[in-house]
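Engineer: whatever this is, show me its structure:
(one chain, ligands or ions: 2)
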Amino acid sequence: MNILVIGSGGREHALVWKIAQSPKVKKIYCAPGNAGTAELAENVNINIDDIKGLLKFALEKKIDLTVVGPEMPLVAGIVDLFEEKGLKIFGPNKAAAQIEGSKVFSKEFMAKYDIPTAQAGIFTNSKEAIAYINNVGAPIVVKADGLAAGKGVIVAQTVKEAMAAVNQIMEDKEFGAAGDKVVIEECLVGEEASIIAITDGETIVPLASSQDHKRVFDNDEGPNTGGMGAYSPAPVVTDQLMDTIYNSALEPFMVGMKREGIVYKGVIYAGIMVTKQGPKVLEFNCRFGDPETQPIMMRLESDLVEVFEKTVEGKLQAVNLKWKERAAVCVVLAAGGYPGKYETGLPISGLDKISQLKDAYVFHAGTKGPGVLTAGGRVLGVTALGDTIKFAIDNAYRAVSLISFKGMHYRQDIGKKALKCLRKRARI
Ligand SMILES: Nc1ncnc2c1ncn2[C@@H]1O[C@H](COP(=O)(O)OP(=O)(O)O)[C@@H](O)[C@H]1O
Ligand SMILES: [Mg+2]
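Structural biologist: Ligands and ions are numbered 1, 2, ... in the order given. Next comes the predicted model:
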């Protein structure tokens, strides 16, 4: 098969890496890809927002299956366009991708189908939004309706901060039309977990659980980022909790989509807050998480291409995923200044030393060749397996210590929450 992967992050490198292990695959293309994907696939210089260009390429190269990494092309309708031309593509169509493309749609959908989530108000007018904030008080969460590259959510500790967020989003239009509406919601307290599942519109196949690390600094301090590291499995998600999430969120999600007349195929990702009252959905995403996909792919034994094919064909029922009984940890190495301003074009050293390590692999995100230079905020995802989460953490940080570039920074505490959770359980 000829496969096209769309995107250029750590997620896409991990997908390409896993796809390359399938005996079904003859050739992989990645658009636009990075220096890491270039080693396993042919990078194609087409951007993720040029969906007509991607279609033209897929037709020309007789691509048998396209896999979409990021949400943007999904929300823009790339799946509808490819399917019209009879091309196989893994991901939800435009109507289905609204679940991530519009937080207002998502919130109304969750309310309609009784999916546990934070209490919220929806506003098209900043005065009413501010009146609501004054009435409810802080802490409170302000969310721009549309896509905002992970920057459209402000967890405000004070009323003043929340009001400033509303003004930024609705008046200053920091995120353009994505800020025509806002969702203002109750601030939930608890531990977060990512539940990523694959569905063909009928069957839901959950992947192994995982946990992201959103904040830039250790102990979850500092501003939000695209994700500074992840691990899988997440011990906070016990088998019992997984059942609850399946029954209270994933299953009603599918029922709801069907009632809305939407065939939902591809990834459904539930961002969960494990609160004292039980798991609540923070949001649904319509694609794989990044960085979560990096540790998840390292643990997956099954042929990913077969899973994608069965999804597109509506035959997921026949799929039974196999996992390594080991833990995986991914530590993101970021550019100096990230998530704020940062430099690019810096040489990276030490990558050659990693290839000698048995249990570690470096997924590239913001890199470009030749010679491997930094080209983004999140530069690399150093990912390692271990027989326990503790060993996986040690293996990942051992690999990290071999790599350097000017200004490089990373969190030192990736996986710590898993250890804490396991220790707490051992005491009980
Ligand atoms: N209701 C909430 N209570 C507490 N924290 C929240 C709430 N909603 C979002 N957050 C925090 O903000 C982050 C981003 O919010 P999310 O809804 O996932 O939007 P996006 O990923 O599109 O930026 C979450 O991972 C979580 O840490
Ligand atoms: Mg999120």
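Engineer: checking the residue of the stretch 301-428 of the chain found nearest ligand 1 next. Helix, strand or coil?
Structural biologist: Ranked by C-beta to the nearest ligand atom, the top residue of the stretch 301-428 of the chain for proximity to ligand 1 is Pro339, at 12.0 Å. For the C-beta atoms, the positions are set from N, CA and C on the backbone; glycine is no exception. Secondary structure state of Pro339, per DSSP: H, G, I helix; E, B strand; the rest coil, is coil.
Engineer: what's the closest residue in space to it that isn't next to it in sequence in contact with, if anything?
Structural biologist: Using C-beta to C-beta, 6 or more residues apart in numbering and skipping residues adjacent in sequence, the residue nearest Pro339 is Thr225, 4.5 Å away. For Thr225, the residues meeting the contact criterion (C-beta atoms under 8 Å, 6 or more residues apart in numbering) are Gly150, Lys214, Arg215, Val216, Ala334, Tyr338, Pro339, Gly377, Arg378.
Engineer: neighbours of the third one, just the number please.
Structural biologist: So that's Arg215. Per other C-beta atoms under 10 Å, the neighbour tally for Arg215 reads 16.
Engineer: surely it meets Gly229?
Structural biologist: No: contact status for Arg215 versus Gly229: not in contact, 10.6 Å apart, counting by C-beta atoms under 8 Å.
Engineer: which single residue of the stretch 1-150 of the chain ends up nearest ligand 1?
Structural biologist: Counting by C-beta to the nearest ligand atom, the stretch 1-150 of the chain gets nearest to ligand 1 through Ala118 (3.8 Å).
Engineer: for that residue, grab phi and psi.
Structural biologist: Reported as degrees, to the nearest 10, the phi and psi values for Ala118 are phi -70, psi 140.
Engineer: list the residues that contact it.
Structural biologist: Val141, Glu185, Glu186, Cys187, Leu188, Met273, Lys280, Leu282.
Engineer: am I right that the second one is in a strand?
Structural biologist: By that I understand Glu185. Yes: assignment of Glu185 by three-state DSSP places it within a strand.
Engineer: so what pairs up with it in the strands?
Structural biologist: Beta bridges link Glu185 to Ala120, Val141 when assigned by DSSP bridges.
Engineer: what does the protein have sitting close to ligand 1?
Structural biologist: Contact residues, the chain versus ligand 1 (C-beta under 6 Å from any ligand atom): 118, 141, 150, 152-153, 155, 185-188, 192, 214, 224, 271, 282-283.
Engineer: strands of the stretch 151-300 of the chain, start to end?
Structural biologist: Assigned by DSSP state E, counting those that start in this stretch, the strands in the stretch 151-300 of the chain fall at 153-156, 182-186, 191-199, 204-206, 211-212, 215-217, 221-224, 229-232, 266-275, 278-285.
Engineer: could you say what helices and strands the third one packs with?
Structural biologist: Same thing as strand 191-199. With contacts taken as 3 or more C-beta pairs under 8 Å, 6 or more residues apart in numbering; DSSP states H and E, strand 191-199 sits against strand 204-206, strand 211-212, strand 266-275, helix 304-313.
Engineer: mind doing that once more with 6 Å?
Structural biologist: In this structure, strand 191-199 makes packing contacts with strand 204-206, strand 266-275, judged by 3 or more C-beta pairs under 6 Å, 6 or more residues apart in numbering; DSSP states H and E.
Engineer: likewise for the last one?
Structural biologist: The contact analysis (3+ C-beta pairs under 6 Å, 6+ apart) places strand 278-285 against strand 266-275.
Engineer: sheet partners, orientation included, of the strand it packs on?
Structural biologist: Strand 266-275 sits in its sheet next to strand 191-199 (antiparallel), strand 278-285 (antiparallel), going by DSSP bridges.
Engineer: what sits up against it?
Structural biologist: By C-beta atoms under 6 Å, 6 or more residues apart in numbering, the surrounding residues in contact with strand 266-275 are 90-92, 188, 190-193, 195-199, 236, 249, 279-285, 287-289.
Engineer: just the buried subset of those residues, written out for PyMOL, thanks.
Structural biologist: Entered in PyMOL, the line below selects the buried ones among the contacts of strand 266-275, by 16 or more other C-beta atoms under 10 Å:
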select buried, resi 90+91+92+188+190+192+193+195+196+197+198+199+236+249+279+280+281+282+283+284+285+287+288+289
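Engineer: picking that back up, which of the residues of the chain next to ligand 1 sit farthest apart?
Structural biologist: With distance counted by C-beta to C-beta, no two of the residues of the chain next to ligand 1 lie farther apart than Gly150 and Glu186, which are 20.7 Å apart.
Engineer: partner strands of the lowest-mean-pLDDT helix or strand in the chain and their direction?
Structural biologist: Lowest on mean pLDDT, DSSP states H and E among the helices and strands of the chain sits strand 221-224, with a mean of 90. Here the strand partners of strand 221-224, with direction, are listed using DSSP bridges: strand 215-217 (antiparallel).
Engineer: how distant is the strand it pairs with from the center of its chain?
Structural biologist: Using C-alpha atoms, centre = their mean, to the nearest Å, the distance from the centre of strand 215-217 to the centre of the chain it belongs to is 17 Å.
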